[in-house]
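**Q** A structural model of the following input is requested.
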Amino acid sequence: MLEIADLSVSYGGLAALRGVSLAVGDGQFVAIVGPNGAGKTTLFKAISGTVAPDGGSIGFEGRDLLAVPPHERAHLGIAHVPEGRQVFASLTVLENLEMGAYSTRGRNEWQRNIERIFALFPVLAERRRQLAGTLSGGEQQMLAIGRGIASAPRLLLLDEPSMGLAPAIADLIFDRIAALHQEDKVTLLLVEQRVAEALESCDYGYVLETGRVVLEGPRRTLMADDRVRQAYLGM
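**A** This is a model prediction of the structure:
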């Protein structure tokens, strides 16, 4: 579904990504883990079109994504849930979800999607008339993910969904993300610093450090790797 080859991105002459290659298959859950400054968020920005690569290629379902303007990529079925939640604070929960359904797929599948969002996150159903700015941090993250689901994406990009959340709430978010993949077969690409939780949930993972992929493999292979265990799992 998603094929990235030899991707490089720089800011002011400083390399953020250095020849990154990765793939996400249809129905797969792929996690990208690594420390702050590794280039994880830059990778997502390149996929969604908010930064221009210096080199390399990005293909989505056989199409050259770099030839598609950023505002049109969502209509191909790519939804990006950015770090920091970024909900529309002055709109209600339901209005935020409606904003997510702007793509043709989202409009056509609105009723089914809203029912699924409320099943995944019942608190959003309870607060559907409440202003998003009055929600807790965890509830806002649920809303941000729900807004991504509302577009009926073929590929959902989740950027640091646990950022700034209490451990118990972060665990709940990961549980709901796993349910979205297992029950709805949504293709997921996750960027996350909580390495253990990310690797436990995914099918395949990549370790990104200083803009390069330094390790990759199936979940169990990475979790058994001594370098991952020592550097990220505290073992």
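**Q** CA only for contacts and neighbour counts going forward, please
**A** Will do.
**Q** next one: the longest helix seen in the chain to chain centre, how far?
**A** When the chain is scanned for its longest helix (criterion: DSSP state H), the result is helix 167-184. From the chain centre to the centre of helix 167-184 is a distance of 13 Å (CA atoms, centre = their mean, to the nearest Å).
**Q** what sits up against it?
**A** 27, 29, 120-121, 138, 142, 161-162, 186-188, 197-198, 201 (CA atoms under 8 Å, 6 or more residues apart in numbering).
**Q** just these: which are in helices?
**A** 120, 138, 142, 197-198, 201.
**Q** now the helices for the chain?
**A** 40-48, 70-73, 93-100, 104-108, 110-120, 122-126, 137-150, 167-184, 195-201, 219-224, 226-231.
**Q** do me a favour and average the pLDDT over the longest helix of the chain.
**A** If you average the pLDDT over helix 167-184, you get 93.
**Q** kindly report the same for stretch 34-46.
**A** Here the average pLDDT along stretch 34-46 is 92.
**Q** chain center to stretch 218-235: distance?
**A** 22 Å.
**Q** any buried residues in stretch 162-179, and which?
**A** Residues of stretch 162-179 classed as buried by neighbour count (16 or more other CA atoms under 10 Å): 162-163, 169-170, 173-174, 176-178.
**Q** need the max-distance pair from these.
**A** Spatially, the most separated pair among the buried residues of stretch 162-179 is M163 and A178, at 17.1 Å (CA to CA).
**Q** quick check: A5 touching S57?
**A** Yes. Counting by CA atoms under 8 Å, S57 is a contact partner of A5 at 5.3 Å.
**Q** so between these two, which is more surrounded?
**A** S57 (19 against 15; other CA atoms under 10 Å).
**Q** contacts only, for the more buried one.
**A** For S57, the contacting residues are 3-7, 64-66, by CA under 8 Å, 6+ apart.
**Q** beta-bridge partners for I58, please?
**A** Taking DSSP bridges as the rule, I58 bridges to I4.
**Q** who are the contact partners of it?
**A** Contacts of I58 (CA under 8 Å, 6+ apart): 2-5, 7, 47, 64-66.
**Q** of the residues you listed, which is the most crowded?
**A** I47 (25 neighbours).
**Q** grab the nearest non-local neighbour of it.
**A** Of all residues not flanking I47 in the chain, I58 sits nearest, at 7.2 Å (CA to CA, 6 or more residues apart in numbering).
**Q** follow-up on the earlier one: closest one of the ones in helices among the contacts of helix 167-184 to T210?
**A** Of the ones in helices among the contacts of helix 167-184, the one sitting nearest to T210 (CA to CA) turns out to be A198, at 19.3 Å.
**Q** on that earlier part again, any chance of the contacts of helix 167-184 in a markdown table, plus distance to L43?
**A** A markdown table is the format used below for these (distance: CA to CA, whole Å):
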| residue | distance to L43 |
| --- | --- |
| G27 | 20 |
| F29 | 16 |
| L120 | 28 |
| F121 | 28 |
| G138 | 25 |
| M142 | 23 |
| P161 | 16 |
| S162 | 18 |
| V186 | 20 |
| T187 | 17 |
| L188 | 14 |
| E197 | 20 |
| A198 | 17 |
| S201 | 20 |
